[in-house]
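**Q** Pasting a predicted model and its sequence here:
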Amino acid sequence: MVIQSTGTSRRIAPFKESVWLGVDAMFDRHPDMIFFGNGAPANDLMPLDRLKWASAQAWEDGLNQLSYGETEGYAPLRELIVRQMAAIGAPATADEIVVVNGSQEGMDIVGRTLLHEGDIVLVEGPTFPDAIRLYQSHDAEVVGMEMDKDGIVVERLAALLDRLPRTPKFIYTIPTFQNPSGTTLPLDRRHALVNLARERGILLVEDDPYSAFRYEGEPLPPLRALEPNSVYLGTFSKTLAPGLRVGWISAPSPLFGHFFAVKEVMSISNSRLTTRVAYHAAAGGFLEEHVAEAREAYRIRRDTLLAAMEEYLPPQATWVRPEGGFFVWVDLPEEIDTDVLLTKAAANGVIFLPSSWFFPDRSKRNSFRLSFSAIPVEQMAEGIRRIGEVLT
Ligand SMILES: Cc1ncc(COP(=O)(O)O)c(C=O)c1O
């Protein structure tokens, strides 16, 4: 039989834009490559022993964990999530929580539920690349909002909204320790954003993977605390381990019902096993203790990185000191194209992620992202020295 229908769907066209393959190929260019691209927790900061213990606890549930069901998530885990959200000032009830396979699935569910062809989604410019491609795959037009060292420039947003041909379906934002810019939206801007979104009738979708890792300054309320009618995406990927694939969406009704239905069709149910592992690992105060320990280790990494940047990067490189999270964003003069610079850097034994990856139209080319979470402290200075060498 000749298979004739091999044409792929237009929905996967944005997936072809993946730049990771190009980066993977660069690893061969140097015998000891230093990789500033990994936004995951460090291997030594994932609580392996506790996760092994939690797995044993999960198996105590016997056959009960080997079935379908629990589409909305393991009940004790949902209760734990409610307590965790309350602790950061974001009120939610267990019947507003849908557990998902990582917040990436949460974003997919939000996109599938809400987007029609041609809808506009506003994102920060720069933003998390997999969010851009995901919303594009749901036929949305993804438009970047202007940012400065404090995140979205909310006073410019009204003008952008006036210029757009349609009211955006939602604003997707990472207000705290943003990926990739490291910026945090201050309280006055949070209020201004919530007010503007309310005035214009635009849903806010807040993605919050990093807020547990604050190294200095006072905690800020999540948008969800200021606007109960917003969607909040959370995850255990950074606080426990990304391989568990356990995250959640918190959404008020009627969105909760839609998200639940879409989740059911997409994946039938959550993994009863890994959601129990996440629950047992996090419960009993362990998560708070573990995060406190990891936070200190990440703070040392951030400080080591910033000190190396002061020492080895030339004066034309500028950056904002992140108060938390995993990332530092570096701006260079307009004439430097960091896609080109990356090729030279890789030959010199270091990889960063160029700014074009993080913009819907890939237009900004003179910046790059450094992720410090997974780099051993001893390699930090050498990695930055190598970048400094290709910049001078
Ligand atoms: C902003 C942002 N959202 C979502 C994700 C994906 O998280 P998860 O592992 O929970 O799917 C990441 C991972 O790096 C991220 O940085």
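**A** All right, it came through fine. Numbers count the residues shown, from 1 in each chain.
**Q** Who are the contact partners of whichever residue of the stretch 51-200 of the chain sits closest to the ligand?
**A** Using Cβ to the nearest ligand atom, the single residue of the stretch 51-200 of the chain nearest to the ligand is residue 102, 2.7 Å away. For every residue, glycine as well, the C-beta is placed using N, CA and C. When contacts are counted by Cβ atoms under 8 Å, 6 or more residues apart in numbering, residue 102 touches 235, 237, 242, 245, 246, 247.
**Q** Verify the stated contact: residue 142 with residue 130.
**A** No: here residue 142 does not reach residue 130: they are 11.8 Å apart, not a contact under Cβ atoms under 8 Å.
**Q** Neighbour count: the two, which is higher?
**A** Taking neighbours as other Cβ atoms under 10 Å, residue 142 and residue 130 compare with residue 142 leading, 24 against 14.
**Q** Is that one inside a helix or a strand, and which specific one?
**A** Element membership for residue 142, per DSSP states H and E: strand 141-145.
**Q** for residue 368, same thing?
**A** strand 367-371.
**Q** anything in that strand sitting right up against the ligand?
**A** No: Strand 367-371 stays clear of the ligand (Cβ under 6 Å from any ligand atom), getting no nearer than 9.2 Å.
**Q** Pull up the pairing partners for the strand holding residue 142, direction included.
**A** strand 120-124 (parallel) (DSSP bridges).
**Q** tell me how far the partner strand is from the chain's mean position?
**A** 15 Å (Cα atoms, centre = their mean, to the nearest Å).
**Q** Now do the next helix or strand after it: everything it contacts.
**A** Later in the chain than strand 120-124, the nearest helix or strand by DSSP H and E is helix 129-137. For helix 129-137, contacts defined as Cβ under 8 Å, 6+ apart pick out 11-15, 17-19, 104, 107-108, 111, 115, 121, 123, 142, 172, 207, 357-358, 360.
**Q** out of those, which are inside strands?
**A** Residues of the contacts of helix 129-137 located in strands (DSSP state E): 121, 123, 142, 172, 207.
**Q** those strands in the stretch 101-250 of the chain, which residues are they?
**A** Applying DSSP state E, counting those that start in this stretch to the stretch 101-250 of the chain gives strands spanning 120-124, 141-145, 147-148, 151-152, 170-173, 203-207, 231-235, 247-250.
**Q** would TSV of these with distance to residue 346 and mean pLDDT be doable?
**A** Shown next, in TSV, are those (distance: least, Cβ to Cβ, whole Å; pLDDT from 0 to 100):
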stretch	distance to residue 346	mean pLDDT
strand 120-124	27	98
strand 141-145	27	97
strand 147-148	27	97
strand 151-152	30	98
strand 170-173	31	98
strand 203-207	29	98
strand 231-235	30	98
strand 247-250	32	98
